[in-house]
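In: When you get a sec, could you give me coordinates for this:
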Amino acid sequence: MNTSISLSELADRKEGKNLYSYQKGAINKIFKSFEEAPEDYHLLYQLPTGGGKTVIFSEIVRQYLKHHKKKVLVMTHRIELCRQTSGMLTEFGVENKVVNSKANLDDQAQYSCFVAMVETLNNRLNEDKLDISDIGLVIIDEAHYNSFTKLFKFFEKSFILGVTATPLSSNIKLPMKDNYDELIVGESIESLIENEFLAKAEVYSYNVGLTSLVVGANGDYTVKSSEDLYTNNDMLSKLLQAYEERAKGKKTLIFNNGINTSLHVYDTFRIAGYPVAHLDNTNTKKERKKILKWFKETPDAILTSVSILTTGFDEPTVDTIILNRATKSLTLYYQMIGRGSRILKNKSKFTVLDLGNNLHRFGPWGADLDWHRIFRSPNFYLDGILADEEIEENFRYEMPDDLREAFAKSEDVYFDIKKTYIAAVRAGESSKVVLERSIEHHAKICVENSEDLWDALDLAKQLGDDIDYRIHRYTKCISKSTFNFVEWLKDDYRKKLRAYLRSNFDEVYLKVHGKPPED
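Out: So this is what the prediction gives:
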């Protein structure tokens, strides 16, 4: 769908009851389904983060209560969403009661709309403390979370409307098609960007070796295996380098998989002299409020966090999102990036730095996904996602910009280990010649950009990441990759490169420059 937005509508955007054309269209579709379907129909509505799902279902609640004599219940899975939803409903003139753990329900008969967290509601219903006999419409925010499904048994005669940005269940064993009869797909990310409702993401992906990660029972990478990888010095250095290359001085939100990782990230940026804060679910409400206030008011602030800010958090001034983690969850991928997509007068784009191969796994944020097909056949979609081994098989090392400048006189600094290995095998040669030829190539590009041997040796020291990449590719080719063997190869390669330069510098220099080096 690609609705045309008038210039006057763009100019008059306001919060509250002023709905945009695509939002009105969604409401009409939903009410049409509501009027035509059975009273126990389950309808799912998809709209990207930032498209105004809460605005849409708040208007639906307002209209429903105006034209029907039954009540409405809105369910959320987080306390922040509960408060935000209640506030939005109030803006729409809908008086509502929040059903939390401390709520007194003696006055429940006075209300036609309730907002509740799923676990609290489950407890109240099992204790028979909330009268739901007159609930005609149930709205479920972030419906892809499966925690809601246990409550469906209480609402067998209610119309259920689930809303989500990604109609893909958080549990692959419980597909959404089993709980919803129909999916309505809303405005696409591409259209929302084109019509200036969302900012455009400029994504930079940094290749990361993820084969050490372990997938847990929930289908995503375990916190422990992620912590082991993302707290090592190489990954922390890569993160800091990526920030300094693409996001230095910009307001930055970093997502991690694990509190320990986030604390390591905090220390790394603090020691480097950058304004940084850490936030996780162990912070008190007072601490969280103070940190988020600082983040909002500090133009170059860096906030490192664990998934606590993926939903229920809205800070339009965020300029950069860093995915300092890998995920197998399409929903989480979209949620994390979506935190930077809010638009402002002076903000039409934002930066995403991906250090988890997520771009390779899921494709660009805002790609033209067939949500209907994903809803109907989630396993077909999930089975089509590339495994980490397949992703890494297609990696190609790219020198960082500042290092590439040091090798500016070399036309091509890339060396294809796999291609060289295949050619060697076909020629009946030993696999060792692959590393020998790689060393010759490294020596050549060092000499091409040097005036003397000492310059070349200094450049060789800066090739650490490229050397490590080539060694990993080589060990995959020979199917021998024990930790000790790989580490020995890396060290041996560096020694042989330095020895080769010392023994052959004059000869290589003459071949490269057409003249001997100056004394």
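In: Can you name the next helix or strand after the worst-scoring helix or strand of the chain on mean pLDDT?
Out: Taking all helices and strands of the chain together, the one with the lowest average confidence (mean pLDDT, DSSP states H and E) is helix 7-11, at a mean of 34. Of the helices and strands lying after helix 7-11 in sequence (DSSP states H and E), the nearest is helix 21-36.
In: any idea how far the next helix or strand after that next one is from the chain center?
Out: On the C-terminal side of helix 21-36, the closest following helix or strand by DSSP H and E is strand 42-46. Strand 42-46 has its C-alpha centroid displaced from the chain centroid by 23 Å (Cα atoms, centre = their mean, to the nearest Å).
In: quick one, strands of the stretch 51-200 of the chain?
Out: Along the stretch 51-200 of the chain, the stretches classed as strands by DSSP state E, counting those that start in this stretch are 71-76, 97-99, 113-117, 135-141, 159-164, 182-185, 200-205.
In: Can you convert these into TSV and add a column each for distance to Lys444 and mean pLDDT?
Out: All C-beta atoms are positioned from the backbone trio N, CA, C, and that covers glycine. Compiled in TSV, the strands of the stretch 51-200 of the chain are given as follows (distance: least, Cβ to Cβ, whole Å; pLDDT from 0 to 100):
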stretch	distance to Lys444	mean pLDDT
strand 71-76	61	91
strand 97-99	69	85
strand 113-117	63	89
strand 135-141	59	92
strand 159-164	54	93
strand 182-185	54	94
strand 200-205	28	94
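In: got JSON lines for those, with distance to Trp454 too?
Out: As requested, those are exported to JSON lines (distance: least, Cβ to Cβ, whole Å):
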{"stretch": "strand 71-76", "distance to Trp454": "64"}
{"stretch": "strand 97-99", "distance to Trp454": "71"}
{"stretch": "strand 113-117", "distance to Trp454": "66"}
{"stretch": "strand 135-141", "distance to Trp454": "64"}
{"stretch": "strand 159-164", "distance to Trp454": "60"}
{"stretch": "strand 182-185", "distance to Trp454": "62"}
{"stretch": "strand 200-205", "distance to Trp454": "34"}
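In: nearest to His360, of those?
Out: Distances from His360 to each of the strands of the stretch 51-200 of the chain were compared using Cβ to Cβ; the shortest belongs to strand 200-205, at 6.7 Å.
In: What is the closest one packed up against?
Out: With contacts defined as 3 or more Cβ pairs under 8 Å, 6 or more residues apart in numbering; DSSP states H and E, strand 200-205 has these neighbours: strand 349-354, helix 358-362.
In: Go through these and find the least confident stretch.
Out: Ranked by mean pLDDT, the helices and strands packed on strand 200-205 bottom out at helix 358-362, with a mean of 93.
In: Okay, buried residues for that one please.
Out: Buried positions in helix 358-362, judged by neighbour count with 16 or more other Cβ atoms under 10 Å: 358-362.
In: I'd like the next helix or strand past it.
Out: Heading C-terminal from helix 358-362, the first helix or strand you meet, by DSSP H and E, is helix 371-376.
In: hang on, the earlier thing: quick check: which of the helices and strands packed on strand 200-205 is nearest to Trp454?
Out: strand 349-354 (35.0 Å).
In: List the buried residues for that closest one?
Out: Under the neighbour-count rule (16+ other Cβ under 10 Å), strand 349-354 has 350-354 buried.
In: now that strand against strand 200-205, angle please.
Out: Relative orientation of strand 349-354 and strand 200-205, computed by axes from the mean of the first three to the mean of the last three Cα atoms, to 10 degrees: 20 degrees.
In: still on that earlier bit, got the buried residues of strand 349-354 as CSV, with distance to Ala326 columns?
Out: Output for the buried residues of strand 349-354, formatted as CSV (distance: Cβ to Cβ, whole Å):
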residue, distance to Ala326
Phe350, 21
Thr351, 19
Val352, 14
Leu353, 13
Asp354, 9
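In: what's the closest of these to Leu435?
Out: Using Cβ to Cβ, Asp354 comes nearest to Leu435 of the buried residues of strand 349-354, at 30.2 Å.
In: Point out the one among the helices and strands packed on strand 200-205 that comes closest to Tyr493.
Out: Within these, the stretch nearest Tyr493 is helix 358-362; the backing value is 26.6 Å (Cβ to Cβ).
In: what comes into contact with that closest one?
Out: Contacting residues not belonging to helix 358-362 are listed as 203, 205, 323, 326-328, 330, 333, 385-386, 391, 394 [Cβ atoms under 8 Å, 6 or more residues apart in numbering].
In: Of those residues, select the buried ones using a ChimeraX command.
Out: Burial among the contacts of helix 358-362 is assessed by 16+ other Cβ under 10 Å; the matching ChimeraX selection reads:
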select :203,205,323,326,327,328,330,333,391
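In: any chance of the contacts of helix 358-362 in CSV, plus secondary structure and distance to Arg270?
Out: Rendered in CSV, the data for the contacts of helix 358-362 read as follows (DSSP: H, G, I helix; E, B strand; the rest coil; distance: Cβ to Cβ, whole Å):
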residue, secondary structure, distance to Arg270
Val203, strand, 27
Ser205, strand, 26
Leu323, strand, 21
Ala326, coil, 24
Thr327, coil, 26
Lys328, coil, 31
Leu330, helix, 33
Tyr333, helix, 28
Ile385, coil, 36
Leu386, coil, 36
Ile391, helix, 32
Asn394, coil, 36
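In: I am finished for the moment; much appreciated.
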